[in-house]
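Engineer: only the shape, not the letters, is given here:
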Ligand SMILES: Nc1ncnc2c1ncn2[C@@H]1O[C@H](COP(=O)(O)OP(=O)(O)O)[C@@H](O)[C@H]1O
Ligand SMILES: CC(=O)N[C@@H](CCC(=O)OP(=O)(O)O)C(=O)O
């Protein structure tokens, strides 16, 4: 790239940098979008760049495939009920090992290598997340899967104020029992985004966004008004793993977050494209 073009690119980013400087952005990075190492590096670079220009970024990560791999290695079967992993006491130990021990530390190490200042945390640290056992109307048993009922974002806020990138795993301590709970990472990201009154909430996944027809990549819905989500669900357009993501975005917007986005973590630098250009990516909820 010519130096003049390079300078022009930076100048064009200026209004966007001014818009987000000092504001909080919560990014949820899903396990399926983490599998390709080159793409992972692009996400890491985006986060470090945002941090360097004064944007407060919190990275909440999943790691479903990492958990499943670990369970397979130790020969333990795992099953999902309504998109949530059935988590018995032994599985919970492996969930904690994979998320807090492996995925969290790998991301922290990559952020540090890329020049960022990152701190790895889980919801157990400083009681960031307190949860109760997850329930549904059918009283299904999900084991140690939790619903977050209390968030203490003060440590995360302090780290942001000091210029760190908090990297958060979706584990919570029990509100009424001395146990750890496995939390769906989309939900954990939504809760911390609301508690921090984030400016923007981004869910990175392995599809281009919400599509009218999953088989047709041309059918991406670029924006959805939250009041229209119910009819999309009734029409069966939103299903499977997309249901909790959409619900998290709806709740985040209803709780005052300006915009929430579901976008493709497989597009290199999709975070920067969304934040620092007029070209929106994925599906934006408003
Ligand atoms: N309308 C839709 N548009 C896009 N994806 C959809 C839709 N309905 C269901 N899905 C499914 O949701 C999946 C994304 O959820 P999930 O696999 O849980 O992601 P992650 O691992 O990033 O949390 C997609 O791969 C797709 O199969
Ligand atoms: C309760 C529940 O299902 N928890 C998830 C936590 C990790 C996660 O959400 O990871 P992704 O974002 O990569 O899907 C699990 O055990 O797989």
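Structural biologist: Right, received. Where do you want to start? Note that the coordinates shown come from a computational prediction; the quantities given were computed from them, not determined experimentally. Ligands and ions are numbered 1, 2, ... in the order given.

Engineer: CA atoms for contacts and neighbours, from now on please.
Structural biologist: Fine.

Engineer: check contacts around residue 30.
Structural biologist: By CA atoms under 8 Å, 6 or more residues apart in numbering, the residues touching residue 30 are 61-64, 185, 203-206.

Engineer: so which of these belong to strands?
Structural biologist: Judged by DSSP state E, the contacts of residue 30 include 61, 203-205 as members of strands.

Engineer: of those, closest to ligand 1?
Structural biologist: Closest to ligand 1 out of those is residue 205 (3.6 Å), distances taken as CA to the nearest ligand atom.

Engineer: what's opposite the closest one in the beta bridge?
Structural biologist: residue 264 (DSSP bridges).

Engineer: was I right to think it contacts residue 29?
Structural biologist: Yes - taking contacts as CA atoms under 8 Å, residue 205 lies within contact range of residue 29: 7.0 Å.

Engineer: just to revisit the earlier point, can I get the contacts of residue 30 in JSON lines with neighbour count?
Structural biologist: What follows is those, written out as JSON lines (neighbours: other CA atoms under 10 Å):
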{"residue": "61", "neighbour count": "29"}
{"residue": "62", "neighbour count": "28"}
{"residue": "63", "neighbour count": "26"}
{"residue": "64", "neighbour count": "18"}
{"residue": "185", "neighbour count": "25"}
{"residue": "203", "neighbour count": "29"}
{"residue": "204", "neighbour count": "30"}
{"residue": "205", "neighbour count": "22"}
{"residue": "206", "neighbour count": "18"}
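
Engineer: can you lay out those as TSV showing distance to ligand 2?
Structural biologist: Listed next are the contacts of residue 30 as TSV, based on distance: CA to the nearest ligand atom, whole Å:
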residue	distance to ligand 2
61	6
62	3
63	4
64	4
185	4
203	9
204	9
205	8
206	10
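
Engineer: out of those residues, which touch ligand 1?
Structural biologist: The subset of those within reach of ligand 1, by CA under 6 Å from any ligand atom, is 205-206.
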